[in-house]
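1. no FASTA, just this:
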C-alpha cells in the first residue's frame, strides 16, 4: 500500500497549511479521500461558532455605529445627551434583541464601583436577623445592588477580620445587625440596633422607652404587679438600652423590680433554648410571680415551655410577654403577646439609607427611630384572684 501526502486548509480559517499522510490504493481513492477532507474543512469553516456572550462591539457592528456611541447610550453617560433619541431607541432595541448583558467587571473598572455592600450579622438564619436581611435583600434587589454577608457571633476579632476582608472585596458600605461598633468605619455605615455615636454611622433604633411602657402598661392593666424579668445578654447591642427603658417604665408605673425575679441571660443561642434554663431558675427560687417580661420572643417561647413542663398554665397561671414579633410568635400555643419591631421594614430602611449615602453623598442622619407596636395575643390574661 502506498502513502500520499496532501495539503489542506485548517478548518478554523487560518491560512496556515498542514500536511498529512493518508493511505490509498489507487489514484481514484486518493482523490475521493482528498475531496472529502476538503469538504469537511469547508463545512467546519462555515459552521457558526457557538453562541456566547454578546459584546458591546457586536451590538455596534449590528447597528453600524461606533462602540463608543453604543456604550454611551447603554451606560447612560453624560455624553449620550447629544445623541438623537431615535438612535438611542435603536441601540436599546438592538441590545434587547441580541440579549446584550453589560460586562460587570468592565463597568466596575471604568466607574470604580462594585455596587456591593457588606452585611455583618450576628447569625444567618436566626429568627431576628433573617427578617432584617430579608428587608435588606428586597431593597437592594430593586436597585440592582449586591451584598456579601459575614457572621460576627459577637466576636470582636471576627468583626475586625471580616470588615477588612469586605473592604478588600471592594464593598461600598457596611450594614451591621446587632453589633457593637468599637470605632468609626472608613466607609458609609448603617447599624441596625446600633447605639453608639460615630462619624459616618447611621443608627436604626427602636424607641425602647415606648416599647417598655406599652408592654408593662398592658400587664399592669391586667392586674399584674409581681412581674419577673429576663435581661438580655451583655453582648447583645440592645440589652443595656432596653433594660434601662424597662426600669424607667416600671418606676413610672409603680412596678417594683425585684432582684429575686430578675435573671440574666448569659448564653448565645438562636433557638427557644435561650430562655428555657433561665425560666427554670426563676421557678427554683420559689418567689411568686404572675407575669414574665422576656428579653425577646425566643426567650419567651423557651420560658413558656419550661412553665408548661412544670404544670403551670400560660396565661392562666403566668402571663408572658415577648419582644420582636418573630414569624413564629403568632403560631405558638398559646400565641405570644409581644412588642413588635418591624424587622423587615427596618432592614429596608437601613438599605435605603445606606444606598442614598453611597449614591448621593448625603450627610448621614445620626439616628432613625422606629416606633414599636404591642401585639396582644393569647399568652397574657387578667391575673387570677
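-> On my side now, so go ahead. All of these numbers come straight from a predicted model, not from anything done at the bench.
2. what ranges do the strands span in the chain?
-> Secondary structure of the chain by DSSP state E: the strands cover 2-9, 17-24, 116-121, 146-151, 174-177, 189-192, 201-206, 227-231, 262-264, 291-293, 319-324, 337-340, 367-370, 373-375.
3. residue closest to the middle of the chain?
-> residue 133 (3.5 Å; Cα atoms, centre = their mean).
4. Spit out the contact partners of it.
-> Neighbouring residues of residue 133 by Cβ atoms under 8 Å, 6 or more residues apart in numbering: 119, 121, 124, 149, 177, 347. C-betas here are computed from N, CA, C, even on glycine.
5. do residue 208 as well
-> Here residue 208 is in contact with 238, 241, 242, 244, 245, 372 (criterion: Cβ under 8 Å, 6+ apart).
6. again, only using 6 Å
-> Contact analysis of residue 208 by Cβ atoms under 6 Å, 6 or more residues apart in numbering lists 241, 242, 245.
7. Distance-wise, check the last one relative to residue 207.
-> The gap separating residue 245 from residue 207 is 9 Å, by Cβ to Cβ, to the nearest Å.
8. higher neighbour count, these two?
-> For residue 245 versus residue 207, neighbours defined as other Cβ atoms under 10 Å are more numerous around residue 245 (21 against 14).
9. quick one: that one and residue 209 touch, right?
-> Yes: the criterion here is Cβ atoms under 6 Å, and residue 245 meets it with residue 209 at 4.6 Å.
10. Which residue ranges make up the domains of the protein?
-> 2-46, 56-109, 111-206+344-370, 208-341 (automatic domain parsing).
11. any idea how far residue 58 lies from residue 134?
-> Taking Cβ to Cβ, one finds residue 58 at 39 Å from residue 134.
12. How about residue 91?
-> 37 Å.
13. Neighbours of the nearest residue to residue 100 once chain neighbours are set aside, how many?
-> Using Cβ to Cβ, 6 or more residues apart in numbering and skipping the chain neighbours, the partner closest in space to residue 100 is residue 54 (4.7 Å). Residues within reach of residue 54, counting by other Cβ under 10 Å, total 16.
14. Tell me how many other residues surround residue 58.
-> 16.
15. Give me the nearest residue to it, chain neighbours excluded.
-> Nearest to residue 58 is residue 98, by Cβ to Cβ, 6+ apart, at 6.9 Å.
16. and the strands of the chain as CSV, adding mean neighbour count and distance to residue 220?
-> As requested, these are exported to CSV (neighbours: other Cβ atoms under 10 Å; distance: least, Cβ to Cβ, whole Å):
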stretch, mean neighbour count, distance to residue 220
strand 2-9, 12, 94
strand 17-24, 11, 94
strand 116-121, 24, 35
strand 146-151, 17, 39
strand 174-177, 27, 32
strand 189-192, 28, 30
strand 201-206, 23, 21
strand 227-231, 24, 9
strand 262-264, 18, 18
strand 291-293, 28, 9
strand 319-324, 28, 11
strand 337-340, 24, 14
strand 367-370, 14, 24
strand 373-375, 16, 13
